[in-house]
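S.K.: everything below, folded, please.
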Amino acid sequence: MRTRTTAAAAALTTTAAVLLLSACGGGSDSGDNDKIAGVDTGASASASPSPSASADGIDRPAIKLPSDVKNVFEGGATGDPVKDAVLADNERMINSIDEAVTVDAKDHPALKFYNKGNALISAASYIQSFYDSGTTWTGETRYYNREVTLKGATAATMTYCSDETKSYSKDRKTKKITMSPGDADDYVAYSARMQKNAQGVWQTVNVTSERGAKKCQP
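M.R.: Residues are numbered from 1 along each chain as shown. As a prediction, the model looks like this:
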């Protein structure tokens, strides 16, 4: 499994969020290996499996993940265009966070594009935890049991599970991968609250998670 905390377990402090988002835009005062930007992961970036950034006419920031990092989202179109838009932006939100964890770049504009409020603060602390520990991750994470409940025209909730049994901790300096057998803690349940902004983007505003959740076990 990945050596990291879940988003909900990360310290939800405004200070942590400010430090992280500042680092994403140009580094911090700490050593190079502690920066969000400028750390050599040794992996080339490739296009993520995010839905099309232009099909809905919204000018979306590109999201790229390293070639050794893959997120798999199960469940196709629901037939409801609004629910499908929520599902698509949930995928982009997840990929935006993993891009900030695994890809070195001066900026990660997708992070703020798809996360807002408590969700952005939580994501900030979550991402920073990888840099503090000197790790990243590699492999494949599967997302499944994805369900959307609409709460009017501009609000929705989403529940989903993740399977991290094929994603592993990777040392940022040495590139050494820690392979470990899967266990119950590799299955995580998420609940997200989302709001549609003026641009038509379904931003995640709050996320809770439960590692080892029984409802996500195979």
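S.K.: from here on, just use CA atoms for contacts and neighbour counts.
M.R.: Fine.
S.K.: select the longest helix from this structure.
M.R.: helix 81-102 (DSSP state H).
S.K.: helices or strands up against that one?
M.R.: Other elements packing on helix 81-102 under the criterion 3 or more C-alpha pairs under 8 Å, 6 or more residues apart in numbering; DSSP states H and E are strand 64-66, helix 109-114, helix 118-133, strand 135-150, strand 202-211.
S.K.: closest one to T78 among the ones you listed?
M.R.: Using C-alpha to C-alpha as the measure, strand 135-150 is the one of these that comes nearest T78, at 9.6 Å.
S.K.: in the closest one, what counts as buried?
M.R.: Across strand 135-150, burial judged by 16 or more other C-alpha atoms under 10 Å covers 135-144, 146-148.
S.K.: and those, which is closest to H108?
M.R.: Proximity to H108 was ranked across these by C-alpha to C-alpha; first place goes to T136, at 16.0 Å.
S.K.: right, and that closest one touches F130 too?
M.R.: Yes. Taking contact to mean C-alpha atoms under 8 Å, the distance of 6.0 Å between T136 and F130 places them in contact.
S.K.: what's the overlap in contacts for the two?
M.R.: Common neighbours of T136 and F130, using C-alpha atoms under 8 Å, 6 or more residues apart in numbering, are V101.
S.K.: quick one on the thing from earlier: CSV for the buried residues of strand 135-150, including pLDDT?
M.R.: What follows is the buried residues of strand 135-150, written out as CSV (pLDDT from 0 to 100):
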residue, pLDDT
T135, 95
T136, 95
W137, 96
T138, 96
G139, 96
E140, 97
T141, 97
R142, 97
Y143, 98
Y144, 98
R146, 98
E147, 97
V148, 98
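S.K.: just flag the most distant two among those residues.
M.R.: Set against one another by C-alpha to C-alpha, the buried residues of strand 135-150 have their most distant pair in T135 and V148, with a gap of 32.5 Å.
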